[in-house]
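Asks: missing the sequence, but the structure's below:
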């Protein structure tokens, strides 16, 4: 059995950084070390572990099968070390460490989001915390919270995965939009005629909310699928597609007449944002941030 020492943890952190950066050359800035030094450290780690971790050369950087397994184990180990350090800090009556937060894209302009206010409140308390923010799809965020790479994530999560807690956070206003070059942009159609014209149009949907988008629009299939809001906005602006967009995202293009809001809903359409955490006891750093998030959102309720 391999006995781990401080130097091994250091080398494993170097290995994790190389994988994150995608190679030795790309990791030089992050590690503040030259390529020869990084190569020497990796050779030392491979010798300590007794396995070949990666292939590097003219064909590029890639992990071996053993390297993939060691990288996954390294992520778990470093997460456990970080959790231990945070738990030990509780004994010193202070919160410190690294808080890993995940969000979906294109939420910055939403005034309803409590995240900016909660972050300011959390940081102003003087915690010795390094905040790491990851932007990803809902499926990626759920996976990263489940395997402890993220402490929490905020976004749309239409499914419910065992092992995670889902708490409603706030509502995002949505609308149906077309681009300036779409036939409906200059149309005066209303009521049933407008609904029929929409059903006959090419519709782009969010892949992670596909069934929701289709059901809301009353259509059976989509002509395009995207995994982020920016991609959806590009398709709508092209004039070839129509789609549901957050109102705060579309606002900038509506104001310049690059887009038009199609008024097919009687009431304001809203989509729920949840905050997700891993089920079980929360580390102090997460509990502290959730307290501030709750204060800025009006309260969290587990769904």
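Replies: Okay, I see it. Quick caveat, the model's predicted, so the values are computed rather than measured.

Asks: ok, residue 165 touching residue 281?
Replies: No - the criterion here is C-beta atoms under 8 Å, and residue 165 misses it with residue 281 at 11.7 Å. All C-beta spots, glycine's among them, are computed from the backbone N, C-alpha and C.

Asks: higher neighbour count, the two?
Replies: residue 165 (18 against 7; other C-beta atoms under 10 Å).

Asks: go ahead and confirm residue 105 touches residue 232.
Replies: No - using C-beta under 8 Å, residue 105 makes no contact with residue 232, being 10.2 Å away.

Asks: the more surrounded of these two?
Replies: residue 232 (27 against 15).

Asks: helices along the stretch 51-200 of the chain, start to end?
Replies: Ranges of helices in the stretch 51-200 of the chain, per DSSP state H, counting those that start in this stretch, are 65-90, 115-124, 138-146, 191-199.

Asks: please report how far residue 166 lies from residue 249.
Replies: 23 Å (C-beta to C-beta, to the nearest Å).

Asks: pick out whichever of those two has more residues nearby.
Replies: Neighbour comparison, residue 166 and residue 249: the larger count goes to residue 249, with 23 against 19 (by other C-beta under 10 Å).

Asks: what's the angle from the top strand by length along the chain to helix 115-124?
Replies: If you go by DSSP state E, the chain has its longest strand at strand 164-179. Per axes from the mean of the first three to the mean of the last three C-alpha atoms, to 10 degrees, the angle that strand 164-179 makes with helix 115-124 is 130 degrees.

Asks: show me how far strand 164-179 is from its chain's centre.
Replies: Here the centre of strand 164-179 is set off from its chain's centre by 15 Å, with C-alpha atoms, centre = their mean, to the nearest Å.

Asks: equivalent analysis for stretch 34-44, please.
Replies: Centre-to-centre, stretch 34-44 and its host chain are 32 Å apart (C-alpha atoms, centre = their mean).

Asks: contacts for that stretch next, please.
Replies: The contact list for stretch 34-44, computed with C-beta atoms under 8 Å, 6 or more residues apart in numbering, reads 11, 14, 15, 18, 24, 25, 27, 28, 31, 33, 53, 54.

Asks: can you check stretch 119-132 too?
Replies: Residues outside stretch 119-132 that contact it (C-beta under 8 Å, 6+ apart): 94-101, 285, 288-289, 292, 295-296.

Asks: low-confidence stretches in the stretch 151-300 of the chain?
Replies: Low-confidence segments of the stretch 151-300 of the chain (pLDDT under 70): 299-300.

Asks: now do the strands in it.
Replies: Using DSSP state E, counting those that start in this stretch, the strands of the stretch 151-300 of the chain run over residues 152-155, 164-179, 203-206, 224-226, 242-246, 259-262, 269-278.

Asks: which of those sits closest to residue 194?
Replies: Among the strands of the stretch 151-300 of the chain, the nearest to residue 194 by C-beta to C-beta is strand 259-262 (7.0 Å).

Asks: partner strands of that closest one, with direction?
Replies: strand 164-179 (antiparallel) (DSSP bridges).

Asks: buried set for the partner strand?
Replies: Residues of strand 164-179 classed as buried: 164-167, 169-170, 172-179 (neighbour count, 16 or more other C-beta atoms under 10 Å).
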